[in-house]
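S.K.: Structure for the following, please:
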Amino acid sequence: MDEMSNARLIKKGAEASLFLATWHERNVIIKKRLPKKYRPQLLDEQIRNYRTIHEPQLIHEAKKAGVPTPTIYLVDLMDSTIIMEFIEGKQLKEILNTATKNEREELCRTVGNLIGRLHKWGIVHGDLTTSNMILSRPNDRVYFVDFGLGEKKTDLEARGVDLHLMKRAFRSVHFKWADECFEAVFVGYREIFQKKVAEDVLQKIGEIERRGRYIAERVAKD
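M.R.: Alright, predicted model coming up:
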């Protein structure tokens, strides 16, 4: 990867590390998947190669669905590395707790609309948290990032799990506004789907929550 400079680690995750760097005179994010010593070497290489190929494909598909995502500049399978556009802005995680009620509702409605577009296109994100959503400046668009756990799925269960994770993220990080935020998300989601489809997804989220409570109660009793 020539023309690379000023690389700085900004996040070290379980699966990959993210670096902010300058590449061909533009700011970029470098996502590098690291070898896992607990896996057999051949299996580890296959998993990292698959994920390094699969994530840019999902990001490209999301763009076609009308969801703002970073532009992919380079995929290097030999190094299990993706170079992509750096989105200038703030994570929604940094914004929602200090936003006004109207701003929160509008942002969350936009998020719901974008999730609906993903789901209608057959994509589940797999990690819908406000850390993986960036409000860009100066165009005020919400970008979705980190599709590393994403999949191509259209079934009700997958859509319900995706939104259930979003709901849990609100309760964890934005607990004071969690209910109003998720309600606004679903307003945006309903704008994309027919009423019955959206209501089926909402019912599935409730079913997933009940399953989780049942399991937690069983574990507590044991």
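S.K.: Could I get the phi/psi values of residue 72?
M.R.: Main-chain torsions, residue 72, degrees, to the nearest 10: phi -90, psi 130.
S.K.: nearest residue to it other than its sequence neighbours?
M.R.: Spatial nearest neighbour of residue 72, excluding adjacent residues (C-beta to C-beta, 6 or more residues apart in numbering): residue 56 at 4.5 Å. Every C-beta, even on glycine, is put in place using the N, C-alpha and C of the backbone.
S.K.: now do residue 163
M.R.: Spatial nearest neighbour of residue 163, excluding adjacent residues (C-beta to C-beta, 6+ apart): residue 205 at 5.5 Å.
S.K.: State the distance from residue 124 to residue 210.
M.R.: As judged by C-beta to C-beta, to the nearest Å, residue 124 and residue 210 stand 21 Å apart.
S.K.: The two - which one has more neighbours?
M.R.: residue 124 (26 against 10; other C-beta atoms under 10 Å).
S.K.: At which residues are the strands of this protein located?
M.R.: 4-12, 16-23, 26-33, 72-76, 81-85, 89-91, 123-124, 133-136, 142-144, 151-152 (DSSP state E).
S.K.: what about those strands, which gets the closest to residue 187?
M.R.: Of all the strands of the chain, strand 142-144 sits nearest to residue 187, with 14.9 Å by C-beta to C-beta.
S.K.: Tell me the strands beside the closest one, with direction?
M.R.: When sheet partners are counted by DSSP bridges, strand 142-144 sits next to strand 133-136 (antiparallel).
S.K.: ok, back up a step: so the residue nearest to residue 72 sits against residue 81, correct?
M.R.: No. Contact criterion C-beta atoms under 8 Å: residue 56 and residue 81 do not qualify, at 11.1 Å.
S.K.: got the residue ranges for the helices in this structure?
M.R.: Along the chain, counting by DSSP state H, helices occupy 41-64, 92-95, 101-120, 156-173, 178-190, 195-221.
S.K.: and this structure, what are its domains?
M.R.: 4-85, 89-221 (automatic domain parsing).
S.K.: could those domains go into TSV alongside mean pLDDT?
M.R.: Shown next, in TSV, are these (pLDDT from 0 to 100):
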stretch	mean pLDDT
domain 4-85	93
domain 89-221	91
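S.K.: and those, which is most packed in?
M.R.: By mean neighbour count, with neighbours taken as mean count of other C-beta atoms under 10 Å, domain 89-221 ranks first of the domains of the chain at a mean of 17.
S.K.: And the residue nearest to residue 163, how far from residue 156?
M.R.: 10 Å.
S.K.: same deal with residue 14?
M.R.: Distance from residue 14 to residue 156, by C-beta to C-beta: 28 Å.
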